[in-house]
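Peer 1: the following comprises the amino acid sequence and a computationally predicted model.
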Amino acid sequence: MNLLEQFSLISEYWSPKIIGSVNDQYIKLAKLKGSFVWHDHALEDEMFYIVKGSLLIKYRDKDVLLNEGDIHIVKKATEHFPVAEEECWVMLIEQKSTKHTGDVITERTKSIDEQF
């Protein structure tokens, strides 16, 4: 599989696509632009790998700026708010039980079925 080819198939922002799994983890790709929603994942950590562009992850007490090639782990039960000023390509590694927006449900929330 070629990641760049997989990214070329994604047209909607903030809509992760599952490209594979390793044990109990999904590997997802997403294109991000603009801001998302405040949310957390009560029981799961979430790993972000920035493939292209940059991403600001806001926390209630600090901000973390990620650039191309950076990896960042959001620890379980930590509220966060991702923002991408320009288009950003990100690979996510999450447990299969991780809900897209945690317990926060919005019109942008994607079910696991919608991520395939």
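Peer 2: Received, thanks. Numbering: from 1, shown residues only.

Peer 1: for the closest residue to V51 other than its chain neighbours, give its distance to Y49.
Peer 2: Sequence neighbours aside, W89 is the residue nearest to V51 in space, at 4.2 Å (criterion: CB to CB, 6 or more residues apart in numbering). For glycine as for every other residue, the C-beta is placed from the backbone atoms N, C-alpha and C. Distance, W89 to Y49, using CB to CB, to the nearest Å: 10 Å.

Peer 1: can you tell me how far the residue nearest to V51 sits from T106?
Peer 2: W89 is 22 Å from T106, by CB to CB.

Peer 1: which of those two has more neighbours?
Peer 2: Per other CB atoms under 10 Å, whichever of W89 and T106 has more neighbours is W89, with 21 against 11.

Peer 1: show me what V90 is bridged to.
Peer 2: V90 forms beta bridges with A30, I50, as assigned by DSSP bridges.

Peer 1: tell me what the longest helix belonging to the chain is packed against?
Peer 2: In the chain, assigned by DSSP state H, the helix with the most residues is helix 3-8. Taking 3 or more CB pairs under 8 Å, 6 or more residues apart in numbering; DSSP states H and E as contact, the helices and strands that helix 3-8 lies on are strand 25-35, strand 46-52.
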